[in-house]
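Q: have a look at this prediction, sequence included:
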Amino acid sequence: MTVVRARQMLKLPEVLNEIGMSRAAFYRMRARGHAPKLIKLPNGQLRVRRSDLDNWWASHEEEAA
């Protein structure tokens, strides 16, 4: 199950819903280099790897501690 979760690709609206942030706020954070890595697919759609989002969450938990 861990392997499936690591390969999972999330759509940007799914990421925004999970982190509770607007698209505009996400892009401002991304411009500062503080957002999870986005992957642009050949069709122009954006995705975030589940593992990248989990790592992003972990790094923010450490900063808050």
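A: Structure received.

Q: tell me where this protein has helices.
A: 2-7, 12-19, 23-31, 50-64 (DSSP state H).

Q: which one of those has the lowest average pLDDT?
A: Confidence, taken as mean pLDDT, is least for helix 2-7 of these (a mean of 57).

Q: ranking the helices of the chain by burial, who's on top?
A: Mean neighbour count (mean count of other C-beta atoms under 10 Å) peaks for helix 12-19 among these, with a mean of 15. In short, each C-beta sits where N, CA and C put it, glycine included.

Q: which one of the helices of the chain lies closest to residue 43?
A: Ranking those by their distance to residue 43 (criterion: C-beta to C-beta) puts helix 12-19 first, at 13.6 Å.

Q: give me the angle between that closest one and helix 50-64.
A: 30 degrees (axes from the mean of the first three to the mean of the last three C-alpha atoms, to 10 degrees).

Q: helices or strands next to helix 12-19 in the packing?
A: helix 23-31, strand 46-49 (3 or more C-beta pairs under 8 Å, 6 or more residues apart in numbering; DSSP states H and E).

Q: now distance to residue 56 too, for these, in a markdown table please.
A: Formatted as a markdown table, these follow (distance: least, C-beta to C-beta, whole Å):
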| stretch | distance to residue 56 |
| --- | --- |
| helix 23-31 | 10 |
| strand 46-49 | 9 |
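
Q: so which of the ones you listed gets nearest residue 59?
A: That would be helix 23-31 among the helices and strands packed on helix 12-19, by C-beta to C-beta, at 12.9 Å.
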